[in-house]
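> Got a sequence here, can you model it:
(one chain, ligands or ions: 2)
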Amino acid sequence: MTDEQERNPAEPLRVGVLGARGRMGVEVCKAVDAAADMELVAMIDQGDGLFAASDAAAEVVVDFTTPDVVMDNLHWCIDQGINAVVGTTGFTEQRLERVRGWLARKPGVGVVIAPNFGIGAVLMMQFAARAARHFESVEIIEQHHPRKLDAPSGTATHTARQIAQARAEAGLGPVPDATKDEVPGARGAEIDGIRVHAVRATGLVAHQEVLFGTTGETLTIRHDSYDRASFMPGVLLAVRAVRNRPGLTVGLDPLLD
Ligand SMILES: NC(=O)C1=CN([C@@H]2O[C@H](COP(=O)(O)OP(=O)(O)OC[C@H]3O[C@@H](n4cnc5c(N)ncnc54)[C@H](O)[C@@H]3O)[C@@H](O)[C@H]2O)C=CC1
Ligand SMILES: O=C(O)C1=N[C@H](C(=O)O)C[C@H](O)C1
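Ligands and ions are numbered 1, 2, ... in the order given. Here you go, the predicted model:
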């Protein structure tokens, strides 16, 4: 049910969740269930089969699964004409291009993919991109719970790319760094010329610092998610918006403006 004319706006929005038994999926199911304008119609995890979402006539599917299965899930949703909100990480430019290709054949369908649904995290990335052109040095330090499967985080990768783009537009050269790695990895990973360090520790949820430096001063921009509830306002915002945004939306920024 993707055609606006077919749905009665007084009826709750029918939402399915993929990865429903995961850390994020459980939280999303609770948030959708508690939203007066939504109905949780499908809770799907590994082995359940995606057809439960179409059988339940889901209008929007939310995916918090793993980078190795998310593309198949998304392809299936688009083929079925189901709108999708995706928080799962692993979206390279090549992957985004494939999604655009699938959507071109289903012009009414909307997909929102966001590396981070925390409103504070979105602002942190925007502030970092804004600061980038004023500082010759920059490093990103992301910190997460030790059960996270990927490193660096999707948020850190996205931030690095935005900073690199802002530096290029401002005509800044490479970040100065004369250090020779005595131990491989000591200086972190490099994404588009920006150093990214990934920390994993029990007790952490999701945190990121962007450290800028120039002559005589540094600027640190930091965001902390202490609880996965922090992602829910952004997820619900995207679920409400996605049906009216055909095509691909990357990041939450346009939904906040
Ligand atoms: N964009 C954002 O704001 C956020 C993104 N994430 C990302 O979301 C993803 C999930 O994170 P967590 O919930 O912490 O992981 P998790 O490992 O707790 O949950 C993943 C769930 O997906 C299920 N799953 C695996 N294959 C499946 C399939 N084919 N169909 C349906 N379900 C399947 C697993 O059984 C598991 O229950 C990760 O990529 C993480 O980085 C996490 C937090 C916030
Ligand atoms: O796995 C997580 O927990 C998170 N994943 C996303 C990422 O990789 O950026 C978003 C947030 O950092 C939490």
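
> Beta-bridge partners for Glu142, please?
Counting by DSSP bridges, Glu142 forms beta bridges with Ala198, Gln208.

> how many other residues sit next to it?
25 (other Cβ atoms under 10 Å). Bear in mind the C-beta positions are built from the backbone N, C-alpha and C, glycine included.

> Equivalent analysis for Leu256, please.
As a burial measure, Leu256 scores 12 neighbours (other Cβ under 10 Å).

> hang on, Phe127 packs against Ile221?
Yes. The pair Phe127 / Ile221 is scored as a contact, 5.2 Å apart, by Cβ atoms under 8 Å.

> Which one's more surrounded, those two?
A count of neighbours by other Cβ under 10 Å puts Ile221 above the other of Phe127 and Ile221, at 19 against 14.

> list the contacts for that one?
Applying Cβ atoms under 8 Å, 6 or more residues apart in numbering, we find Ile221 in contact with 124, 127-128, 131, 209-210, 212.

> again, 6 Å this time
Residues near Ile221 by Cβ atoms under 6 Å, 6 or more residues apart in numbering: 124, 127-128, 210.

> quick one: which of those has the most company?
Ranking the contacts of Ile221 using other Cβ under 10 Å puts Val210 first, with 27 neighbours.

> Could you point out the helix or strand that follows the worst-scoring helix or strand of the chain on mean pLDDT?
The weakest-scoring helix or strand in the chain, judged by mean pLDDT, DSSP states H and E, is helix 51-55 (a mean of 94). Going down the chain from helix 51-55, the next helix or strand is strand 60-63, by DSSP states H and E.

> Now the closest residue to ligand 1 within the stretch 51-200 of the chain: closest residue in space that isn't a chain neighbour?
Going by Cβ to the nearest ligand atom, ligand 1 is nearest to Gly87 of the stretch 51-200 of the chain, at 3.2 Å. Closest residue in space to Gly87, ignoring its immediate chain neighbours: Phe64 at 4.8 Å, by Cβ to Cβ, 6 or more residues apart in numbering.

> unless I'm mixing things up, the one you found is touching Glu27, no?
No. With contacts counted by Cβ atoms under 6 Å, Phe64 stays clear of Glu27, the gap being 8.6 Å.

> For ligand 1, give me its nearest residue in this structure.
Of the chain, the residue with the smallest distance to ligand 1, taken as Cβ to the nearest ligand atom, is Gly22 at 2.0 Å.

> If you drop the residues flanking it in sequence, what lies closest to that residue?
Counting by Cβ to Cβ, 6+ apart, the residue nearest Gly22 is Phe64, at 5.9 Å.

> Does stretch 153-168 reach ligand 2?
Yes. Stretch 153-168 is in contact with ligand 2 by Cβ under 6 Å from any ligand atom, via 153-155.

> Going by neighbour count, which of those residues comes out on top?
Thr155 (25 neighbours).

> Could you list the residues of this protein in contact with ligand 2?
Contacts of the chain with ligand 2, taken as Cβ under 6 Å from any ligand atom, map to 89, 115-116, 144, 148, 153-155, 206.

> Appreciated, that's everything.
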